[in-house]
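Novice: Need coordinates for the following:
(2 chains)
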Number of protein chains: 2
Amino acid sequence: MKKLINSVDEVVTDALAGMAAAHPGSLRVDVAQHIVYRATPKDEGKVAIVSGGGSGHEPLHGGFVGTGMLDAACAGEIFTSPVPDQVSAATAAVDRGAGVLHIVKNYTGDVMNFDMAAEMVAAESGIEVATVVTADDVAVEDSLYTAGRRGVGVTVIVEKIAGAAAEEGRSLAEVAAVAERTSQAGRSMGVALTSCTVPANGKPSFDLPEDEIEIGIGIHGEPGRHREKIAPASEIAARLAEPILAELPAGDGHGVIAFLNGMGASPLLELYLMYGEVAKILDRAGVKVERSLVGNYITSLDMAGCSLTLVRADEEMLRLWDAPVNTPGLRWGV
Amino acid sequence: MKKLINSVDEVVTDALAGMAAAHPGSLRVDVAQHIVYRATPKDEGKVAIVSGGGSGHEPLHGGFVGTGMLDAACAGEIFTSPVPDQVSAATAAVDRGAGVLHIVKNYTGDVMNFDMAAEMVAAESGIEVATVVTADDVAVEDSLYTAGRRGVGVTVIVEKIAGAAAEEGRSLAEVAAVAERTSQAGRSMGVALTSCTVPANGKPSFDLPEDEIEIGIGIHGEPGRHREKIAPASEIAARLAEPILAELPAGDGHGVIAFLNGMGASPLLELYLMYGEVAKILDRAGVKVERSLVGNYITSLDMAGCSLTLVRADEEMLRLWDAPVNTPGLRWGV
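Specialist: Residues are numbered from 1 along each chain as shown, chains lettered A, B, ... in the order given. As a prediction, the model looks like this:
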């Protein structure tokens, strides 16, 4: 295993210290507790948003802390849920009197620990918490670490849209409602060309032969639907898009936000190429692309591959998507 | 070789088609001629900026086309210079009557072809062209493809700062002067953990044993200074920072723009971690970091590793760095 790390035990701590050093003006990082906060809290009376999960998916979630998106992100160890104390501390710290939305990917540990944290802050300080659980991966029902579908790419879109709604000063119920609607409107599917290597394990999480890919991979290397020989990008794009389109909510005249995400080790050149193939498929299917996003946003350490997320987006969701955002990982309009 | 491509001959064309599909509002891509333009040209009377080079370094250069940065980018085949006809076509297309700045990385083919293009447009249409050649890599003197030092990370910084100066309506001589000053103020050094694989070759460009890294690597996999066993990030950071600091222009009270760049396949987690180590070294050396940038900006296909660029930045350079920029690869202030 070759990685740019000091020791397998300090990877997350050291990376958070680096993040603090890189963004002193916009982020405040509690390196000891593994929480990324905005340097300047939002105004009193606005809903705050906390997300988090295992590390190894950067920029998710810490890279999405900032104006127009998250108020805090709790980083677990690599591919390991943050603990309840950590989430409750973040939740209590960011509450501005209007309640806190938790955005949680559907993994058993994450769901349980965010639930416990919500109960803790409610009991200790009466802070109202609403929770949205993302579960957009159409590859498999149930999986390693997950009952039901896994939460993947739509999480980025939910964090952006909910963040914009919160910034507008809307109530916790309203912010949670548009977050939930966005979550429900998204479907995703991924493909791995290589495994990833968790530092503490020191070897690839799974073996993938030199000429094979895994369709339906999870962001922790959880098994997907099947393996097949490497194929042209156009065919791989179809393998991702078709199951998504089969389950995408009906249009009602609305188009989609199309998100082609890199797993971490695939060059941007290939991600754009894949997006081009997806765009052709959507065009042939009569699905209008309203907005697009291409790049590494929810990654899986050093895995090569990509995922596709489509979100059926109504007018309000598009307006909130377009609203200003100023985070290390996503920035426009400011 | 496993890559998300259709065929090795169409990689660049297909990727540019994908880029066009992903950014219809902001970019116009001449897919046949491999040129990325702004969708909306800048105002008449302003200096235009053209860059380009071999593909495989994305988002450089096409991803830096947009307000506040480049007017056009010419994409060669993978790791291959764009041709003079292509560069002259881009130059003629973007000229708004105030001349055109070419920003060229110091590789023999690039320098020659941009020079020929400049002569062609001067002869054919009288367009005035100024050229800045970046040559910031302190690893080696002369190299595969290069006489003198290789142009690497500072190119991103030069494109940003020159782009801002051009947007202010300054003359070609003034834009070229601040670009040249920035170029001269930058020093870089890279490290590879793995090789990269050029699609047309189908195999890694070089062999690097499972426990070794190459210090001073070039962005095309050109040989560096030496190989050594993988070491803690703190030591690798020192290996990059020390030769840079030894050659960094004197301070005169000025700090630096610190740019920790990913080669393409190293997770953002590791890049932040490396930045944290670099920040400690700069602090101990008494070098003030005025601005920082961490992420994949000038890559080397699927190479794992990173590079460090330090630019001694005066007040004007910092002001231009902070100016609004709106490109797929770099965006703030708008």
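
Novice: give me the element A:Ala21 is part of.
Specialist: With secondary structure defined by DSSP states H and E, A:Ala21 is part of helix A:11-22.

Novice: Does chain B have contacts with that helix?
Specialist: Yes - Helix A:11-22 is in contact with chain B by CB under 8 Å from any CB of the partner chain, via A:11-12, A:14-22. For glycine as for every other residue, the C-beta is placed from the backbone atoms N, C-alpha and C.

Novice: quick one: contacts of that helix?
Specialist: Helix A:11-22 is contacted from outside by A:3, A:5-6, A:27-29, A:31, A:34, A:36, A:55, A:58, A:62-63, A:75-78, A:199, A:328, B:233, B:260, B:269-277, B:279, B:289, B:292, B:294, using CB atoms under 8 Å, 6 or more residues apart in numbering or on different chains.

Novice: Buried subset of the residues you listed, written for ChimeraX?
Specialist: ChimeraX command restricting those to the buried ones, with burial defined by 16 or more other CB atoms under 10 Å in any protein chain shown:
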select /A:3,5,6,27,28,29,31,34,36,55,58,62,63,75,76,77,78,199,328 /B:233,260,269,270,271,272,273,274,275,276,277,279,289,292,294
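
Novice: could you pull out the helices for the stretch 151-300 of chain A?
Specialist: With helices called from DSSP state H, counting those that start in this stretch, the stretch 151-300 of chain A shows them at A:154-167, A:172-184, A:233-247, A:268-285.

Novice: Of these, which is nearest A:Asp95?
Specialist: Nearest of the helices of the stretch 151-300 of chain A to A:Asp95, taken as CB to CB: helix A:172-184 at 10.3 Å.

Novice: starting at the chain centroid, how far to that closest one?
Specialist: Centroid separation for helix A:172-184 versus its chain: 16 Å, with CA atoms, centre = their mean, to the nearest Å.

Novice: Give me the angle between it and helix A:154-167.
Specialist: 160 degrees (axes from the mean of the first three to the mean of the last three CA atoms, to 10 degrees).

Novice: Can you tell me which of the residues of helix A:11-22 next to chain B is closest to chain B?
Specialist: Closest approach to chain B among the residues of helix A:11-22 next to chain B (CB to the nearest CB): A:Gly18, at 2.8 Å.

Novice: Enumerate the residues of the stretch 101-250 of chain A near chain B.
Specialist: So the stretch 101-250 of chain A meets chain B at A:193-194, A:210-211, A:213, A:230, A:232-234, A:236 (CB under 8 Å from any CB).

Novice: domain parsing for chain A?
Specialist: Per automatic domain parsing, the structural domains of chain A span A:11-185, A:186-321.

Novice: What score does A:Asp142 have for pLDDT?
Specialist: Each residue has a pLDDT score; the one for A:Asp142 is 84.

Novice: what phi and what psi does the backbone show at it?
Specialist: phi 60, psi 150 (degrees, to the nearest 10).

Novice: Check A:Ala323 too.
Specialist: Backbone dihedrals for A:Ala323, given as degrees, to the nearest 10, come out at phi -60, psi 150.

Novice: List the contacts of the closest residue to it other than its chain neighbours.
Specialist: Of all residues not flanking A:Ala323 in the chain, A:Ala164 sits nearest, at 3.7 Å (CB to CB, 6 or more residues apart in numbering or on different chains). By CB under 8 Å, 6+ apart, the residues touching A:Ala164 are A:68-69, A:320-321, A:323-325.

Novice: at 10 Å what do you get?
Specialist: A:67-69, A:170, A:175, A:178, A:316-317, A:319-325, A:333 (CB atoms under 10 Å, 6 or more residues apart in numbering or on different chains).

Novice: pLDDT of stretch A:22-36, averaged?
Specialist: For stretch A:22-36, the mean per-residue pLDDT is 97.

Novice: That one: how far from the chain's middle?
Specialist: On CA atoms, centre = their mean, the centre of stretch A:22-36 falls 19 Å from the chain's centre.

Novice: Could you list the alpha-carbon positions for that stretch in CSV?
Specialist: The C-alpha trace of stretch A:22-36 is given here as CSV (Å, rounded to 0.1, in the frame of the first residue of the first chain):
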residue,chain,number,x,y,z
ALA,A,22,-6.1,25.2,3.8
HIS,A,23,-9.3,27.1,4.7
PRO,A,24,-8.6,29.2,7.7
GLY,A,25,-11.0,32.0,6.6
SER,A,26,-14.1,29.8,5.9
LEU,A,27,-13.8,26.7,8.1
ARG,A,28,-13.3,26.1,11.8
VAL,A,29,-12.2,22.5,12.3
ASP,A,30,-12.4,20.7,15.6
VAL,A,31,-9.6,18.4,14.8
ALA,A,32,-9.8,16.5,18.1
GLN,A,33,-13.6,15.7,17.7
HIS,A,34,-13.4,15.4,13.9
ILE,A,35,-16.0,18.1,13.2
VAL,A,36,-15.9,20.7,10.4
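
Novice: just to revisit the earlier point, save the residues of helix A:11-22 next to chain B as a markdown table, and put in neighbour count too.
Specialist: Formatted as a markdown table, the residues of helix A:11-22 next to chain B follow (neighbours: other CB atoms under 10 Å in any protein chain shown):
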| residue | neighbour count |
| --- | --- |
| A:Val11 | 25 |
| A:Val12 | 22 |
| A:Asp14 | 25 |
| A:Ala15 | 31 |
| A:Leu16 | 26 |
| A:Ala17 | 20 |
| A:Gly18 | 28 |
| A:Met19 | 28 |
| A:Ala20 | 21 |
| A:Ala21 | 23 |
| A:Ala22 | 24 |
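
Novice: which residues sit in contact with the residue in the stretch 201-334 of chain A that chain B sits nearest to?
Specialist: In the stretch 201-334 of chain A, the residue that lies nearest chain B is A:Gly276 (2.8 Å; CB to the nearest CB). A:Gly276 makes contacts with A:233-234, A:237, A:260, A:294, B:6, B:13-22, B:31, as judged by CB under 10 Å, 6+ apart.

Novice: if I look at it, how far off is B:His23?
Specialist: A:Gly276 is 11 Å from B:His23, where distance means CB to CB, to the nearest Å.

Novice: ok, now A:Lys160?
Specialist: Note on A:Lys160: its distance to B:His23, by CB to CB, is 18 Å.

Novice: Tell me if I'm right that A:Val50 and A:Val94 touch.
Specialist: Yes - assessed by CB atoms under 10 Å, A:Val50 is found in contact with A:Val94 at 6.2 Å.

Novice: that older thread, angle of the helix holding A:Ala21 against helix B:268-284?
Specialist: Using the same axes, to 10 degrees: helix A:11-22 against helix B:268-284 is 60 degrees.
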